[in-house]
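Chemist: what would the 3D arrangement of this be:
(one chain, ligands or ions: 1)
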Amino acid sequence: MKKILFVCLGNICRSPMAEYIFKNLLNIKGLGHKYCISSAGTSSEEAGNDMYWGAKDKLDEKNIPYSKHKARQLKQEDYKKYDYIIGMEAYNVRNIIRIIGEDREGKVYRLLDFTDNPRDIDDPWYTGNFEVAYNDILEGCKGLLKHLEEKQ
Ligand code: 4NP
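Modeler: Next up, the predicted model:
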């Protein structure tokens, strides 16, 4: 079973959206048993909080199921526990490395690097644009799943 951890800054917008969007893709394709999916944030600011309402509203609009979320901060031990640690933007990736130390096993990636148009995912907490975040995350999740399934 491959273990994947999506990471953003607060763990209340982009990374939980990625967690539930990816889980939904797995369920649609009947691949849920092959993967363990979770999310975390590089900051402790929102630790313990539920997903932001703007992210929940967007998932509701797109009929993506989600459960009660409890934000948590990324820990150094996560590096051992997960096979893939996926940041939303270059800034996240730098902060992930700061927490886990050197990426010796090449587990850390940026989500949209799994697409034909590698780029950062803007933070909807600041932009207010959850539609753009949703579309970017979906594109990245599809690219990541294709990469993972082709590897096997
Ligand atoms: P996220 O968005 O990284 O996509 O969860 C943010 C949520 C909260 C904060 C920053 C980013 N904050 O500073 O509280």
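
Chemist: grab the nearest non-local neighbour of Lys146.
Modeler: Phe114 (7.5 Å; CB to CB, 6 or more residues apart in numbering). Every residue, glycine included, has its C-beta placed from N, CA and C.

Chemist: for the one you found, give me its contacts.
Modeler: Going by CB atoms under 8 Å, 6 or more residues apart in numbering, Phe114 touches 140, 143-144, 146-147.

Chemist: between those residues, which sits nearest the ligand?
Modeler: Gly140 (13.4 Å; CB to the nearest ligand atom).

Chemist: and that closest one, how far is that from Lys80?
Modeler: Gly140 is 24 Å from Lys80, where distance means CB to CB, to the nearest Å.

Chemist: who has more neighbours, these two?
Modeler: Counted by other CB atoms under 10 Å, Gly140 and Lys80 do not tie: Gly140 has more neighbours, with 27 against 9.

Chemist: mind listing what's buried along stretch 94-112?
Modeler: Residues of stretch 94-112 classed as buried by neighbour count (16 or more other CB atoms under 10 Å): 95-97, 99-100, 107-112.

Chemist: try stretch 82-92
Modeler: Result for stretch 82-92 [16+ other CB under 10 Å]: buried residues 82, 84-89, 92.

Chemist: which among these gets closest to His69?
Modeler: Nearest to His69 among the buried residues of stretch 82-92: Met88, at 16.0 Å, using CB to CB.

Chemist: can you pull the contacts of that closest one?
Modeler: 6-9, 14-15, 18, 110-111, 120-121, 123, 137.

Chemist: narrow these to those in strands?
Modeler: Among the contacts of Met88, DSSP state E puts 6-8, 110 in strands.

Chemist: which of these has the most neighbours?
Modeler: Busiest of the ones in strands among the contacts of Met88 [other CB under 10 Å] is Cys8, holding 34 neighbours.

Chemist: now the top helix by length along the chain: mean pLDDT?
Modeler: If you go by DSSP state H, the chain has its longest helix at helix 130-151. Averaged across helix 130-151, pLDDT comes to 97.

Chemist: make 877 the first number, not 1, from now on.
Modeler: Renumbered: residue one is now 877, and that last one reads helix 1006-1027.

Chemist: okay, that helix in CSV with CA atoms only?
Modeler: Presented in CSV, the C-alpha positions along helix 1006-1027 are these (Å, rounded to 0.1, in the frame of the first residue of the first chain):
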residue,chain,number,x,y,z
PHE,A,1006,-11.6,28.2,-4.5
GLU,A,1007,-12.7,27.3,-8.1
VAL,A,1008,-9.1,27.9,-9.4
ALA,A,1009,-7.7,25.9,-6.4
TYR,A,1010,-10.2,23.1,-7.1
ASN,A,1011,-9.3,22.8,-10.8
ASP,A,1012,-5.6,23.0,-10.1
ILE,A,1013,-5.8,20.4,-7.4
LEU,A,1014,-7.9,18.1,-9.5
GLU,A,1015,-5.5,18.4,-12.4
GLY,A,1016,-2.6,17.6,-10.1
CYS,A,1017,-4.4,14.6,-8.5
LYS,A,1018,-5.2,13.1,-11.9
GLY,A,1019,-1.5,13.5,-13.0
LEU,A,1020,-0.2,12.0,-9.7
LEU,A,1021,-2.6,9.0,-9.9
LYS,A,1022,-1.5,8.4,-13.6
HIS,A,1023,2.1,8.5,-12.5
LEU,A,1024,1.5,6.1,-9.6
GLU,A,1025,-0.5,3.6,-11.6
GLU,A,1026,2.0,3.7,-14.5
LYS,A,1027,4.8,2.9,-12.2
